[in-house]
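Visitor: Provide a 3D model corresponding to the input given below.
(one chain, ligands or ions: 2)
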Amino acid sequence: MKIVVLDGYAANPGDLSWDELKSLGECTVYDRTAPAEVLERAAGADILLTNKVVLDATTIAALPQLKYIGVLATGYNIIDTAAAKERGITVTNIPAYSTPSVAQMVFAHILNITQRVQHYTDEIHKGRWTNSPDFCFWDTPLIELSGKKIGIIGLGQTGYNTARIAIGFGMEVHAYTSKSPFQLPPEIKKTELDELFANCDIISLHCPLTDSTRELVNAARLKQMKPNAILINTGRGPLVNEQDLADALNNGTIFAAGLDVLSQEPPRADNPLLTARNCYITPHIAWASAAARERLMQIMLDNIKAFLDGKPINSVIK
Ligand SMILES: NC(=O)c1ccc[n+]([C@@H]2O[C@H](COP(=O)([O-])OP(=O)(O)OC[C@H]3O[C@@H](n4cnc5c(N)ncnc54)[C@H](O)[C@@H]3O)[C@@H](O)[C@H]2O)c1
Ligand SMILES: O=C(O)[C@H](O)CO
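Guide: Residues are numbered from 1 along each chain as shown. Ligands and ions are numbered 1, 2, ... in the order given. Reported below is the predicted structural model:
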């Protein structure tokens, strides 16, 4: 059984172990694989593991030995699942391993925008409090979350857990979702997209990237939003038209954005969001806590063992 990990470094930069995976077959772990290197490295593999290396229809067609693709992530938009299905290749993802970490990051972005802790720390270090005529000073809007409306798009693992934290903050929770695995409490009100964009103070994206969700947030949707609204995206970068969002931030159509994901990662230096007003960005790390990566590695092993036993779990091909 030949196993190849194409880009193992992000999940395991050295603090976790590949040993159990290596015991399952002849296994090679690459830290990173450039697009031009994929075919040579994946040739002859029965099992291919990828986090962000794209496996499109052409690549899959060129790997006749391939039987299993394990995505080392929840989002599996990098795989042409139709091509894999046609070939009878099992494709699995890692659901729910990072849910608490992602929901925590959503609120890290929200609280960063409402409280600006780093900004005030920087200003104080510059001497601004020492020289202040008053016992306090502020120069950014200080926004209380209690009573504000949060709109959640996609009420699966990360969306639902974000909703629960929002309820704890006393927020009104509105949600648009195709379906939800959860029994929704009465505090979560289901709504349509038009109402959600028009009425919510904060909108947080939690749906997968698919043909129907690509650029879900675009100029038309941004125009529907309140001028004091905040957009949070921990889902996938292409859920948002980035030039439209940069324009909306720069011209005050909406107030601020907190983003963990961009359409190209790492981003090009000329990505308009890197210089947009009130745009706060983290480098796709919502998932990457040590606790979440430990769970990821365990579920990766469980997935492969179940596949080898002939009873695949976490298959994304319906
Ligand atoms: N930034 C990170 O580190 C990070 C970590 C985990 C997941 N993610 C991304 O977040 C996404 C969501 O993760 P999750 O664990 O909540 O996944 P999930 O599968 O549990 O939930 C996704 C939800 O979106 C809903 N949905 C699907 N299509 C929709 C549509 N067109 N409109 C509205 N809702 C729709 C689904 O019904 C489901 O309830 C993943 O697909 C992944 O791309 C990012
Ligand atoms: O989808 C996920 O699990 C995260 O984005 C990390 O890849």
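
Visitor: only C-alpha atoms for contact and neighbour calcs from this point on.
Guide: Noted.

Visitor: where does the chain dip in pLDDT?
Guide: Regions of the chain meeting the criterion pLDDT under 70 are absent.

Visitor: residues of it that sit close to ligand 1?
Guide: 74-75, 95-96, 98, 102, 153-159, 176-180, 206-209, 212-213, 234-236, 260, 284-287 (Cα under 6 Å from any ligand atom).

Visitor: in strands, which of those residues appear?
Guide: If you go by DSSP state E, these have I153, Y176 in strands.

Visitor: buried subset of the residues of the chain next to ligand 1, written for PyMOL?
Guide: Selecting the buried subset of these in PyMOL, with 16 or more other Cα atoms under 10 Å as the burial test, is done by:
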select buried, resi 74+75+95+96+98+102+153+154+155+156+157+158+159+176+177+206+207+208+209+234+235+236+260+284+286+287
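
Visitor: in helices only, show me the residues of the chain next to ligand 1.
Guide: V102, Q157, T158, G159 (DSSP state H).

Visitor: looking at these, which is nearest R87?
Guide: Of all these, R87 sits closest to Q157, with 29.7 Å by Cα to Cα.

Visitor: so the closest one makes contact with T99?
Guide: Yes - counting by Cα atoms under 8 Å, T99 is a contact partner of Q157 at 6.1 Å.

Visitor: helix/strand/coil for T28?
Guide: The assignment at T28 comes out as strand when based on DSSP: H, G, I helix; E, B strand; the rest coil.

Visitor: the stretch 51-200 of the chain: strands as residue ranges?
Guide: 68-71, 90-92, 149-153, 172-176, 188-190 (DSSP state E, counting those that start in this stretch).

Visitor: and the residues of the chain next to ligand 1 near ligand 2, which?
Guide: Okay, of these touching ligand 2 (Cα under 6 Å from any ligand atom), that's T74, G75, W287.

Visitor: ramachandran angles for the closest residue to the second one other than its chain neighbours?
Guide: Ranked by Cα to Cα, 6 or more residues apart in numbering and with sequence neighbours excluded, the top spatial neighbour of G75 is P208, at 6.4 Å. For P208, the backbone dihedrals (degrees, to the nearest 10) come out as phi -70, psi 160.

Visitor: over to R32?
Guide: Per degrees, to the nearest 10, the backbone of R32 is at phi -150, psi 150.

Visitor: over to the one 10 residues further on?
Guide: Backbone dihedrals for A42, given as degrees, to the nearest 10, come out at phi -90, psi -10.

Visitor: hmm, L48 and it touching each other?
Guide: Yes - contact criterion Cα under 8 Å: A42 and L48 qualify, at 7.1 Å.

Visitor: list the residues that contact both of those two?
Guide: Common neighbours of A42 and L48, using Cα atoms under 8 Å, 6 or more residues apart in numbering, are V4, L6.

Visitor: tally of neighbours for A219?
Guide: Using other Cα atoms under 10 Å, A219 has 19 neighbouring residues.

Visitor: just checking, it touches V240?
Guide: No - using Cα under 8 Å as the test, A219 is too far from V240 to be in contact (9.6 Å).

Visitor: where does the stretch 151-300 of the chain get nearest to ligand 2, residue-wise?
Guide: W287 (5.5 Å; Cα to the nearest ligand atom).

Visitor: who's in contact with the closest residue in space to that residue that isn't next to it in sequence?
Guide: Leaving out its chain neighbours, the residue that sits closest to W287 by Cα to Cα, 6+ apart is S98, at 5.0 Å. Counting by Cα under 8 Å, 6+ apart, S98 makes contact with A286, W287, A288, S289, A292, R293, R295, L296.

Visitor: out of these, what pair is the most spread apart?
Guide: For the contacts of S98, the maximum inter-member distance is 14.3 Å, found between A286 and R295 (Cα to Cα).

Visitor: would you mind checking the contacts of S98 for buried ones?
Guide: Buried, going by 16+ other Cα under 10 Å: A286, W287, A288, A292, R293, L296, out of the contacts of S98.

Visitor: near ligand 2, which residues of the stretch 201-318 of the chain?
Guide: Residues of the stretch 201-318 of the chain found near ligand 2 (Cα under 6 Å from any ligand atom) are W287.

Visitor: hmm, I was thinking of the stretch 1-150 of the chain
Guide: Near ligand 2, when you scan the stretch 1-150 of the chain using Cα under 6 Å from any ligand atom, you find A73, T74, G75.

Visitor: how about a cut-off of 8 Å?
Guide: Residues of the stretch 1-150 of the chain that fall close to ligand 2, judged by Cα under 8 Å from any ligand atom: N51, K52, L72, A73, T74, G75, Y76, I94, P95, Y97, S98.

Visitor: wait, what's in contact with the closest residue to L72 other than its chain neighbours?
Guide: Using Cα to Cα, 6+ apart and skipping the chain neighbours, the partner closest in space to L72 is N51 (4.6 Å). N51 makes contacts with L6, D7, G8, V71, L72, A73, as judged by Cα under 8 Å, 6+ apart.

Visitor: list the contacts for V117?
Guide: With Cα under 8 Å, 6+ apart, V117 has no contacts at all.
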